[in-house]
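Student: Model the following, please.
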Amino acid sequence: MATVAILGTLDTKAIEHEFVRERVRAAGCDVILIDAGVSRPWPDADITADEVAAAAGEDRATLAAAGDRGHAVEAMSRGAAAVVQKLYEAGRLQGILGLGGAGGSWIISAAMRALPVGVPKMLVSTVASGDTRPYVGHTDIAMMYSVVDIAGINTISRQVFANAAAGIAGMAIAAQTRGAGAPGAGESARPRIGATMFGVTTPCVTVARERLERLGYEVLVFHATGVGGQSMEALIRAGVVSGALDVTTTELADELVGGVFSAGPDRLEAAGSLGIPQVVSLGALDIVNFGPLDTVPDRFRDRSLYVHNPAVTLLRTSPAECADLGRIIARKLNGATGPVAVFIPHGGVSMIDAPGFPFHDPVADAALANALKAELRPEIEVIESVANINDPAFGLAMADRLDDLYRTWAGSTAATTPD
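Tutor: Numbering: from 1, shown residues only. I've put the predicted structure just below:
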């Protein structure tokens, strides 16, 4: 029987979690009820709040007496993550469900983020209709908006909670059937390549992906929206991805200039630190992303802006910003311990950076390329082309070079070589 861990702050939301426990059981799953509250331990929990606090090296009664909500949330988050990881590693968890407000959602999501991609995760939350990025991070948490507060069983909450219980039960049963665990469990041993893509680099990545798939690789494509880049970096560090086709490094522009799609300061570092092969280009570094036009900061209003759609406004990077980006990329790649090749498309770094299109700026593109070449270690291979990044020949060349690098690297390691 598949087992679902149900996690929540039972000092304030026990009735609601008991409701979903019965619904999950009725759907055919066993349940482990975990209490992450601090003020009043729930006697019917399978794993008590004292045990959760102890897993974080804390004492629940001391946390309750201190009255420091922030510290209590942080401590119970660590404890809950440790508890569910242990259950998962012991084979006792095929899915996890929780119901929470802002604090409870943070504790529950921290535990969920500690589990591998592929383990079913369902969080019913009062904050699910807002900015969910802090809760979801770069994992596969399914968040469902509770509509009403997590405060009793009523006409609305009964339906929402019942749907969540049915959903996690179905996912857990399916996960147990397929033997879910780490990504790729039960699948072929094809080496996995991580690729980055944006709408304005889709033709390039599509051609490259199709070539690599024909050559025997599995290609995982990540949408370079900040979380996408973080997800690829995390899977590289987890050993799931063993080669990088980093076509679209645009998230670095958002990090530098202050756009909404930053992947953080560590972007473009995981592959190099682990020494896996990487082929890198300058995709969409002409772009910094903002929300609707009226959300663009005043300091950028006299710059080149392009309304991509009603929810996304693009800012063209300046020559000075492009030069900074070239130096940033060089610094990151200079630290790589494995094989690297850099592809520079002098015909434009995106679909809209081409003659006749709104972000065509040869001066900015030249600043980017020149700064990059000036700062790169001499032994790092640089391949330059007069083509736009979306020219089919450019994408094919990137794929073929990655294949060459991977085969050489795999021949000197225990990595799997494509057929």
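
Student: And the helices in the stretch 1-150 of the chain, which stretches?
Tutor: Taking DSSP state H, counting those that start in this stretch as the test, the helices found in the stretch 1-150 of the chain are 10-26, 49-55, 60-66, 69-89, 102-113, 133-136.

Student: what helices or strands is the third one leaning on?
Tutor: For helix 60-66, the packing partners by 3 or more C-beta pairs under 8 Å, 6 or more residues apart in numbering; DSSP states H and E come out as helix 49-55, helix 69-89. In short, each C-beta sits where N, CA and C put it, glycine included.

Student: Around the closest residue in space to Leu376 that isn't next to it in sequence, count how many other residues there are.
Tutor: Computed as C-beta to C-beta, 6 or more residues apart in numbering, the closest residue to Leu376 that is not its neighbour in sequence is Ala330, at 4.6 Å. Using other C-beta atoms under 10 Å, Ala330 has 19 other residues around it.

Student: ok so, going back, would you mind finding the most buried of the helices of the stretch 1-150 of the chain?
Tutor: helix 102-113 (a mean of 24; mean count of other C-beta atoms under 10 Å).

Student: and it, average pLDDT?
Tutor: Helix 102-113 shows a mean pLDDT of 95.

Student: from the chain's centre, how far out does that helix sit?
Tutor: In this view, helix 102-113 has its centroid 16 Å away from the chain centroid, taken as C-alpha atoms, centre = their mean, to the nearest Å.

Student: Quick one: work out the angle between it and helix 69-89.
Tutor: Angle of helix 102-113 versus helix 69-89, following axes from the mean of the first three to the mean of the last three C-alpha atoms, to 10 degrees, is 30 degrees.

Student: for helix 102-113, packing partners?
Tutor: strand 3-8, helix 69-89, strand 95-100, strand 121-125, helix 133-136.

Student: And these, which one averages the lowest pLDDT?
Tutor: helix 133-136 (a mean of 89).

Student: Can you tell me how far the residue nearest to Leu376 is from Asp30?
Tutor: For Ala330, the distance to Asp30 (C-beta to C-beta, to the nearest Å) stands at 54 Å.

Student: could you dump the helices and strands packed on helix 60-66 to a markdown table with distance to Pro297?
Tutor: Converted to a markdown table, these look like this (distance: least, C-beta to C-beta, whole Å):
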| stretch | distance to Pro297 |
| --- | --- |
| helix 49-55 | 42 |
| helix 69-89 | 30 |
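
Student: So which bits of stretch 224-242 are buried?
Tutor: Residues of stretch 224-242 classed as buried: 224-236, 240-242 (neighbour count, 16 or more other C-beta atoms under 10 Å).

Student: out of those, which one sits closest to Cys322?
Tutor: Among those, Ala224 lies closest to Cys322 (C-beta to C-beta), at 17.1 Å.

Student: ok, that closest one - contacts?
Tutor: Thr196, Met197, Phe198, Thr248, Thr249, Thr250, Glu251, Phe261, Ala263, Gly283, Ala284 (C-beta atoms under 8 Å, 6 or more residues apart in numbering).

Student: now do Pro292
Tutor: Contacts of Pro292 (C-beta under 8 Å, 6+ apart): Pro310, Ala311, Val312, Thr313.

Student: for Arg267, same thing?
Tutor: Gly229, Gln230, Glu233, Thr249, Glu251, Leu252, Glu255.
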